[in-house]
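> Provided below are the primary sequence and the corresponding predicted coordinates.
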Amino acid sequence: MFSKYKKRRMLYNGDVGSLLPTLYSSDYFTKPSIDELAALETIDSGYCSRVPDFTIGRVGYGQIKFIGSTDVRWLHLDQIVKFDRNSVVVYTDEADKPPVGQGLNKAAEVTLTLKLRSLDAHSPELDRFGDILRKRADRQGAVFVSFDLSSGNWTFLVHHFSRFGLDDEEEEDIVMIDNDSDSTAEVNEFPAHSAGAVLSHSLPAHLGLDPVRMQELRALMFSSEEYEDLNGSFQKINSYNKEQLKEDSPVINGKILANTTILHGSSRKGRIQISSSPIRRPSQALLEYNLNNTDLSPSRDIFLSGHRKGLSLTRLTKVEGFRLEEKHQTPLSGGYSKNIVDAALFMGRSFRVGWGPNGILVHSGTPVDSPSCGLSSQVNIQKVAMDKTVRDKNNKINEELVDLHFSSLMNLHKSVEHETSQLVHDSFKLKLLRVECSRLTLPEICQAYIETIEKAHEISELSTSNRVFLMHQVSIWALVRVLFSERETNEQSNDDDREGMMLDTKDDSLDMDVEAKPFARRAEFSFWLQESVCHRIQDDITYLNDSSDLEQILVLLTGRQLDAAVELAAARGDVRLAILLSQAGGSMVSRSDMAQQLDIWRMNGMDFKFIENDRLKLYELLAGNIQDAFQVSSIDWKRFLGLIMWYQLPPDTPLSVVFHTYQQLLCEKRAPHPVPVYIDEGPLEEEEVDWNIGDNHDLAYYVMLLHANEDKNFNQLKTMFSAFSSTYDPLDYHMIWHQRAILEAIGAFSSKDLSILDMSFVDQLLCLGLCHWAIYVVLHMPYCDDAPYIQAKLIKQILCQNCEIWSSQENQYQFIEELGIPSEWMHEALAIYFEYQGDLPEALEHFLRCSNWKKAHSIFITSVAHHLFLSSQDEEIWRITSFMEEHKSEISDWDLGAGIFFDFYILRSSLKEGDIMSETDPLGKKNDECRSFFTRLSESLLIWGIRLPADARLTYAKMSEELCNLLMSVPGLSSTAMVQMSCFDTMLIAPTPEDMRSSHLQSAVSVFTYFLSEIST
C-alpha cells in the first residue's frame, strides 16, 4: 500500500514542490536542507528519489544519517522521526512502517546526545558507561560505534528502525545531569493534612479542572524526564505518610508505584520516584512564600484560596477555556488587567509580551505603574492611553469631542485643494495626495481651524487642562496666520478683527504698499503677543496690593497695555510719569534721552535710595534697558520677547531680527526658556510632568524660528512637530499633523523625514476606530525612494487589522472607495477576516473578487463545494466554477478540484441532450467521457486526501450515481456488445457505495447472459 500510494503521487504531481519532504519543527534539521533539495531536484530530475547519505536531526538531541541512497519524496518527516531525551523513534505507528529497505526503514548511523553530568576524562565510570552503551546497542540489535564523553555523543549502526536509546533504568545507571533527579516527584516527608485540601487550592482547581485527575494524567502520559517541564503547573502530592505508601503501594526494583487507592480509582498506575532530598518548593510563579511560616501557602491573588477553602472536588465546574474577562481597569486608561490565567498553560514557553491592535498590550509581567511585583502566572491586558484628548473631566470619552477633534478637522483638511500623484504597485494604482495652499488663502484656512477649536472649547464637560490646550492651539493658528499669510498689493482689508493690529495707521482700509508689508506684519504680531499675555497680566495685577501703583504700571508695560498704564499714572497724580509712559516704545530719541538722564544721575553721584525701586525700574525700561528692569526668572518668555521688541530694539526692526535676538539671549542664558504651555501655565494635571530645561520648547517659539529661517534649512522640524511641544500627552498628534500639513503646503519648509508624525497620528486614529481617516493620512505621506511602496503596505495592513470596523460602517466603506483604494485590497482583507471568523462561503466570495484564485479554489474544494452540491445549489456551484474556469491556468490541480464540478454539469447536460441520437456511436463516446470523469474522481480523493470534508465521498458518490443512471439511459442499439459491457466496467470503477456497485454488477451479469443467449440462438 505504501509503494502504491507513492506511485500515484508521482503520476499526478509534476510540480517540484509537491515532491519535497515536509518538516515544520523549528529545532529539527536535514542535510541537505529542504531548500537545497528543491534546488537539486530542479537541476537533476529525480534527485529526491536517491538522496545520498540523507541526514535528519534535532538540535541538542542527535541525528540519523541514512546509508546509501534514500527516497525522501512526499515524506512527512515531523510525523515519522521523533527525537526524545536519549532516544529516537522512526515510524511510531507500526501500521505506517514500510518494508525494510523502503522509505526511512533502512540502514542508518544513529548519533544520540546523552545528557550527562560533568566527569573527569580519567574517571573510572567512563569505562562503565561505554560497557553499558555497548550492551544496550547489542540488546537492541544495533552495532556500537563510539561514545564521546566530551560531547555526550553515542553513535551506533542499525539495519532498520524501531525505538533505539536508553530506558529509565539505564538512565539511572548512567548518572545524568543533576536536574534530572529533580524532575521526578519527590516524596520524603508527608504532612498530616489530606490531599484534597491541598489540591483544591491548586491551579487546576482554580481553572475548573479536577486536580487529582490532572495528577493522574501527568503520571500516566509523561515520562520522568518531562516532569521538570511540568513542575510548577501542579502542586505535588505530599499528603500521605510513608506508612500509607508502604501499605498501599507495591515496591518493584526500589521504586514505589502509586496505588489506585491513592489516585482515587485510577485504572492505571503512575510511578513516583523516591528521593532522599528534601521537598522542593514550587516555583514563585505559582506560589508565594510566607515569610512567617516554613510551609508553602497558596497565593490568594492567584488561587483565591480564601473563598475556595474546603471546596469539594466533586463540585468543580468546567470553564470555557482561558477566557480573559475584562474587569479591572489599568492605570493607563480604561484598559483591563489582572486576568488570572497561567501563562504556561495559556501559550507555553513561547508566551512573551504581545502587542495587539489599537494599543492593546498583553503580557505576564508587572503591570505598568504598579508598585508591586507581578506574578508570571498572571496575564495582564493593558491599553495605551491614546485617547486622552477626547476624554472629559470625568475621564469618559466624549463623542462630541471625537467629532470636533478628529472628524471635523479632517473634513476641513479634505476641503482644501489637493494635488494628486499616481503610485503603481502590483498593477494597482494608488492616488497619493498633497495639500495645495497659497499664502493668500492662508487666513481663511487658519480662521476655519480656529472656529472648529472654539466649538470644542464650548463643551461644558471639558476638563481645565483641555481648555488651556485648546486656547493654546487657537493662539498657534493665529500666529501662523500672522507670520505666513500674504496680501495682494492694493487689496482692501475688510477684516474687522484686525482694526487693533494696525497701531501705526489711522485707517484700516489703506492700499497695502510692498514696503509697508513688514511693518504691517510686525504690527499684527505685536497685537498677537499682547493678546497671548493678556491673561497673565490680569493674574499678576490681581495678586498685587492696591497701594503698589508703580508695580502695577510695570506689570502693564510688560504686556504693552500703555493706555491702562497712562491712566493709572494720571489717576495717582503723577502727570510727568504719564507723559513718559505715553512715549514708551516709540522713537529712539525718547529712549536715548531717558538713558542719557540716568547716566547723568550716575555720573553726578546721585543717591538712588531716594527714588522708589519700582520707579527706577520704569526709568530703566523706558531707556530700553530691560535686563536691569526685570530679572530673567521673574517673567515668562512671551512677555520677555515683547520687551525686546517693544522697548529694546528700534520700532522698525524686522521680526526675524527680533526672534534671532531673543534666540541669542536664550543661548547666553539671559532670557527665560520658551517652555511648553503645560509648564508655562502651571501644573495642569495631577501627575507630575517630567520636563527638563531644554528638552522641548513651546510650539509658538518654533513657528517664530521657522519664520525667521524661511530662506534657510530649519533643522528643528522633528522637535517642533513632536507632541511635547504643545501638550503633555506624548501620543496626541491630532493638531500637529494639520499644522505641519498647512505649513508645508505654503512652502514654509519641505521635509520627507517626518514619517513618525504621520504614523503616530495614524495609530491615534485607529485607536478611535477612524480607519478611513487613517488611510487618508497614509495617502498624504510623501513618496520616499528608500521605501517606494510604504503607502500601499500600510493601507493593506490597516484594512486587514481593522476589517471588522470599516466593513461594518457604511460611511467608512464608502469613503475608502472614494479615496481610490483598489477594491481588490478591500476584498482581500474581508476574505481574510471571514476566513478567520469561520464564514468560509463569504471568504470564498471575497477571495474570488480579489482574484486570489489559488486560495479561492482551496476553500471551494475543502469547505464549500460539497455542502452546496448536497444542498442542490447547482446554480451557485456553476456560477463559482464558471468564474474560476476563466483563470484555471493559474490554479494548480484544477482538473482534480473545481474542474470536476464544472465538467460534471457539462457532462450531465450532454447526457440529457435530445439530439444524442444523431451521433454514430453515442454510447461509446459517452462511456469514454464517463470513464475519464470517474477516474478523475478517484484521483481527486487521493490528491486532496484528508483536506476534503467528510461528505466529499458522498458528493462524488452522488455524482457517479447520477451519471451512471444517465449512461444507462443512453441508447445503445448502434453499439456492439463489447461497448455495452464496457459501460458496466466504467460504472464499476466509479466511487459509488457497495450496494450500488453490486446492483451494477448484477445488471452486467444479466446483460452478459442475454448476449450469450443471443449468440447461442
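That came through, no problem.
> wait, what's in contact with M410?
Contact analysis of M410 by CB atoms under 8 Å, 6 or more residues apart in numbering lists 770, 773, 776. For the C-beta atoms, the positions are set from N, CA and C on the backbone; glycine is no exception.
> who are the neighbours in contact with the first one?
In other words, L770. Contacts of L770 (CB under 8 Å, 6+ apart): 406-407, 410, 812.
> give the ChimeraX command for selecting the buried subset of those.
Burial among the contacts of L770 is assessed by 16 or more other CB atoms under 10 Å; the matching ChimeraX selection reads:
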select :406,410,812
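> closest to F749 out of the contacts of L770?
Nearest to F749 among the contacts of L770 is M410, at 22.2 Å by CB to CB.
> which element is the closest one on?
Of the helices and strands defined by DSSP states H and E, M410 is found in helix 408-415.
> may I have that helix as PDB, with CA atoms only?
Output of helix 408-415 as PDB, limited to C-alpha atoms (Å, rounded to 0.1, in the frame of the first residue of the first chain):
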ATOM      1  CA  SER A 408     -14.400  68.000  11.800                       C
ATOM      2  CA  LEU A 409     -10.700  68.800  11.500                       C
ATOM      3  CA  MET A 410     -10.200  66.100   8.900                       C
ATOM      4  CA  ASN A 411     -13.200  67.200   6.800                       C
ATOM      5  CA  LEU A 412     -11.700  70.700   6.900                       C
ATOM      6  CA  HIS A 413      -8.400  69.400   5.700                       C
ATOM      7  CA  LYS A 414     -10.200  67.500   3.000                       C
ATOM      8  CA  SER A 415     -12.000  70.600   1.800                       C
END
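> would TSV of the contacts of L770 with distance to Q596 and pLDDT be doable?
Shown next, in TSV, are those (distance: CB to CB, whole Å; pLDDT from 0 to 100):
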residue	distance to Q596	pLDDT
F406	59	93
S407	62	93
M410	59	95
Q812	71	94
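> re earlier: JSON lines please, covering the contacts of M410 and showing secondary structure, distance to L641 and pLDDT.
Below are the contacts of M410 laid out as JSON lines (DSSP: H, G, I helix; E, B strand; the rest coil; distance: CB to CB, whole Å; pLDDT from 0 to 100):
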{"residue": "L770", "secondary structure": "coil", "distance to L641": "38", "pLDDT": "93"}
{"residue": "W773", "secondary structure": "helix", "distance to L641": "36", "pLDDT": "96"}
{"residue": "Y776", "secondary structure": "helix", "distance to L641": "37", "pLDDT": "96"}
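> tell me which residues in the helix holding M410 are buried?
By 16+ other CB under 10 Å, the buried positions in helix 408-415 come out as 408-410, 413.
> endpoints of stretch 421-432, how far apart?
5 Å (CA to CA, to the nearest Å).
> meant to ask about stretch 556-569, not that
11 Å.
> what sits up against it?
Outside stretch 556-569, the residues touching it (CB under 8 Å, 6+ apart) are 526, 529-530, 533-534, 536-537, 541, 549, 552-553, 575, 577-578, 581-582, 584-585, 618, 621, 630, 635, 639, 642-643, 646-647.
> again with stretch 892-908
Contact with stretch 892-908 is made by 12, 15, 854, 857, 860-861, 865, 869, 874, 877-878, 880-882, 884-885, 888, 891, 929-930, 933, 936-937, 939-940, 943-944, 959, 962-963, 966, as judged by CB under 8 Å, 6+ apart.
> quick one: contacts for the nearest residue to T55 once chain neighbours are set aside?
In space, and not counting its chain neighbours, T55 is closest to K31: 4.0 Å by CB to CB, 6 or more residues apart in numbering. Residues near K31 by CB under 8 Å, 6+ apart: 53-57.
> what does V424 give?
So V424 contacts L430 (CB under 8 Å, 6+ apart).
> ok, back up a step: among the contacts of stretch 556-569, which are in helices?
Among these, the residues falling in helices (DSSP state H) are 526, 529-530, 533-534, 536-537, 541, 549, 552-553, 575, 577-578, 581-582, 618, 621, 639, 642-643.
> out of those, which are buried?
The neighbour count (16+ other CB under 10 Å) marks 526, 529-530, 533, 536-537, 541, 549, 552-553, 577-578, 581, 618, 621, 639, 642-643 as buried among the ones in helices among the contacts of stretch 556-569.
> can you pull out the strands in the stretch 51-200 of the chain?
51-52, 55-58, 62-66, 69-70, 81-84, 87-90, 108-113, 143-148, 153-158, 163-165 (DSSP state E, counting those that start in this stretch).
> so where's the stretch 1-150 of the chain uncertain?
1-15, 117-127 (pLDDT under 70).
> how much space separates T452 from L483?
Distance, T452 to L483, using CB to CB, to the nearest Å: 21 Å.
> quick one, which of the two is more surrounded?
L483 (23 against 20; other CB atoms under 10 Å).
> so what does whichever strand or helix holds F834 touch, helix or strand wise?
For F834, the host element (DSSP H and E) is helix 823-837. When contacts are defined as 3 or more CB pairs under 8 Å, 6 or more residues apart in numbering; DSSP states H and E, helix 823-837 packs onto helix 790-801, helix 803-808, helix 810-818, helix 840-849.
> CSV for those, including distance to V1005?
Formatted as CSV, the helices and strands packed on helix 823-837 follow (distance: least, CB to CB, whole Å):
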stretch, distance to V1005
helix 790-801, 61
helix 803-808, 60
helix 810-818, 64
helix 840-849, 45
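> which one of those lies closest to S999?
Judging the helices and strands packed on helix 823-837 by CB to CB, what sits closest to S999 is helix 840-849, at 35.2 Å.
> so what touches the closest one?
With contacts defined as CB under 8 Å, 6+ apart, helix 840-849 is touched by 823-824, 827-828, 830-835, 855-856, 859-860, 863-864, 880, 883-884.
> repeat for stretch 147-161
62, 89-91, 97, 100-101, 104-116, 119, 121, 126, 129-130, 133, 137, 141-146, 164.
> report the central residue of this protein.
G356 (4.6 Å; CA atoms, centre = their mean).
> which SSE is immediately downstream of the helix holding M410?
Helix 408-415 is succeeded, C-terminally, by strand 418-425 (DSSP H and E).
> any buried residues in the very next helix or strand once past that next one, and which?
Following strand 418-425 in sequence order, the next helix or strand is strand 428-435 (DSSP H and E). Residues of strand 428-435 classed as buried: 430, 432-435 (neighbour count, 16+ other CB under 10 Å).
> now the two most distant members of those.
Farthest apart among the buried residues of strand 428-435 by CB to CB are L430 and V435. That separation is 17.5 Å.
> against V51, how distant is the residue nearest to T55?
Applying CB to CB to K31 and V51 gives a distance of 10 Å.
> also L907?
43 Å.
> check contacts around the nearest residue to L440 once chain neighbours are set aside.
Of all residues not flanking L440 in the chain, E486 sits nearest, at 5.7 Å (CB to CB, 6+ apart). Residues in contact with E486, defined by CB under 8 Å, 6+ apart, are 438-440, 442, 517.
> with respect to pLDDT, which of those residues ranks lowest?
Lowest pLDDT of these: K517, 85.
> tally of neighbours for R487?
15.
> surely it is in a strand?
No: assignment of R487 by DSSP: H, G, I helix; E, B strand; the rest coil gives coil, placing it outside any strand.
> that one touches V514, doesn't it?
No: the criterion here is CB atoms under 8 Å, and R487 misses it with V514 at 10.2 Å.
> buried set for stretch 864-882?
Buried-residue list, stretch 864-882, by 16+ other CB under 10 Å: 864-866, 868-869, 877-878, 880-881.
> nope, stretch 559-577 is what I was after
559-562, 564-566, 568-569, 574, 577.
> quick check: mean pLDDT across that stretch?
90.
> next, the distance between the ends of that stretch.
18 Å.
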